[in-house]
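A.B. asks: coords below, sequence missing:
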């Protein structure tokens with residue numbers, strides 16, 4: 001991939017979408033909105049587990065929809081089914097009801113980050129535009145209300161959301177080796193219980209309404225008996241094109257807070273420039289990884305306009321950890337494209353050999 005050409009397109013998109021907005025995208029903060037308080041959830045004891053709570057507490061309408069989709073047998077009983085159904089459903093795709101059950105019985109997923117949303121595979125392997133239809137199909141099969149027309153619409157995943165998910169996923173799995181050991185071996189990863197994209201949460205005021213699909217969910221353990229449920233939303237420019245959009249997002253956050261989710265919002269346009277920086281800003285702002293940003297190369301950059309190579313002076317982005325290099329160039333510390341940094345190092349190295 002041509003890093004310089006990718007950077008030009010990303011920076012050009014900022015200028016394209018600037019029109020009609022009441023603030024400057026280039027100098028906007030990365031964290032657009034965050035909750036005032038942490039919300040702690042107790043973790044129950046496995047010894048208290050008797051039967052699958054999610055099945056006991058489901059409304060009769062939703063339970064019937066799950067039966068119709070073949071996810072549980074028609075004639076089941078709590079004694080024989082126990083953990084089999086909720087465990088299988090969680091491995092396939094997590095949702096709010098199953099998460100609440102697992103917290104109550106003290107049973108968390110065996111793999112913290114094994115489940116990758118299908119939009120990641122579609123974009124990487126099949127070369128087609130990813131959508132959130134898969135998440136809606138799963139929600140419908142779980143008994144949530146999803147109109148048929150929603151499953152035929154092209155609800156595309158934004159490029160910003162895709163980049164933010166990949167940045168978080170690679171950071172968690174230590175794929176971003178160029179970030180350094182201070183980041184890769186940080187203690188916060190021991191507190192991470194679960195991470196996923198496209199998490200399904202029902203509207204707490206209306207179970208017969210299409211559920212929310214939040215961009216990312218982070219389950220963070222704060223002690224042996226408590227966790228935080230932290231949602232991350234990637235807000236594109238369209239979220240700010242009308243007061244109605246702003247109010248709708250605010251109302252949704254209030255509803256999700258009522259059932260225990262801390263919702264953070266980050267700038268989608270920043271994700272197109274430096275998704276790795278965005279995830280670090282989120283981790284620091286949420287108190288998950290204190291001082292995360294200062295450990296990152298280029299942490300001194302304050303605006304998108306400053307993302308320019310100090311050697312060739314062309315725009316720069318960091319879609320992978322090695323795309324942005326920080327080095328000494330002509331007695332100054334600059335950021336540079338990977339190729340520019342390598343060329344300069346080789347030239348300087350060979351000059352010294354002469």
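C.D. replies: Nice, thanks for sending it over. If you're wondering where the values come from, they're calculated on a predicted model, not measured in any experiment.
A.B. asks: secondary structure element holding residue 24?
C.D. replies: For residue 24, there is no enclosing helix or strand under DSSP states H and E.
A.B. asks: wait, it sits on residue 14?
C.D. replies: No: using C-beta atoms under 8 Å as the test, residue 24 is too far from residue 14 to be in contact (9.7 Å). C-beta: built from backbone N, CA, C; applies to glycine.
A.B. asks: between the two, which one's more packed in?
C.D. replies: Set residue 24 next to residue 14 and count neighbours by other C-beta atoms under 10 Å: residue 14 wins out with 20 against 12.
A.B. asks: contacting residues for the more buried one?
C.D. replies: If you count contacts by C-beta atoms under 8 Å, 6 or more residues apart in numbering, residue 14 has them with 25-26, 269, 272-273, 304.
A.B. asks: and the pLDDT for it?
C.D. replies: In this model, residue 14 is scored at 94, pLDDT.
A.B. asks: what do you get for residue 129?
C.D. replies: Taking residue 129 on its own, its pLDDT is 46.
A.B. asks: hang on, the earlier thing: ok, and the most crowded of the contacts of residue 14?
C.D. replies: Among the contacts of residue 14, residue 273 has the most neighbours (other C-beta under 10 Å), with 28 neighbours.
A.B. asks: may I have the phi/psi pair for that residue?
C.D. replies: Main-chain torsions, residue 273, degrees, to the nearest 10: phi -100, psi -50.
A.B. asks: surely it touches residue 10?
C.D. replies: Yes: with contact defined as C-beta under 8 Å, residue 273 reaches residue 10; the gap is 5.7 Å.
A.B. asks: mind listing the shared neighbours of those two?
C.D. replies: Residues within reach of residue 273 and of residue 10 at once, by C-beta under 8 Å, 6+ apart, are residue 317.
A.B. asks: ok so residue 238 is a helix residue?
C.D. replies: Yes: Residue 238: assigned to a helix according to DSSP: H, G, I helix; E, B strand; the rest coil.
A.B. asks: residues contacting it?
C.D. replies: By C-beta under 8 Å, 6+ apart, the neighbours of residue 238 are residue 245.
A.B. asks: check residue 132 too.
C.D. replies: By C-beta under 8 Å, 6+ apart, residue 132 lies in contact with 119, 155, 157, 198, 213.
A.B. asks: where's the last one, which helix or strand?
C.D. replies: Put plainly, it is residue 213. Assessed by DSSP H and E, residue 213 sits inside strand 212-223.
A.B. asks: check the offset of that strand from the chain's centre.
C.D. replies: 9 Å (C-alpha atoms, centre = their mean, to the nearest Å).
A.B. asks: ok, stretch 241-256 next?
C.D. replies: Mean-position distance between stretch 241-256 and its chain equals 19 Å (C-alpha atoms, centre = their mean).
A.B. asks: now it: buried residues?
C.D. replies: Residues 249, 252-253, 255-256 are the ones in stretch 241-256 that count as buried (16 or more other C-beta atoms under 10 Å).
A.B. asks: so, low pLDDT: which residues of the chain?
C.D. replies: For the chain, the stretches with pLDDT under 70 are 1, 45-94, 107-131, 154, 181, 347-354.
A.B. asks: so what are the domain limits for this protein?
C.D. replies: With domains defined by automatic domain parsing, the chain comprises 1-27+302-354, 36-300.
A.B. asks: out of those, which is the most enclosed?
C.D. replies: Greatest average neighbour count among the domains of the chain goes to domain 36-300 (a mean of 17), per mean count of other C-beta atoms under 10 Å.
A.B. asks: straight-line length of that domain, end to end?
C.D. replies: End-to-end span of domain 36-300 (C-alpha to C-alpha, to the nearest Å): 26 Å.
A.B. asks: surely residue 260 and residue 229 touch.
C.D. replies: Yes: counting by C-beta under 8 Å, residue 260 touches residue 229, with 5.6 Å between them.
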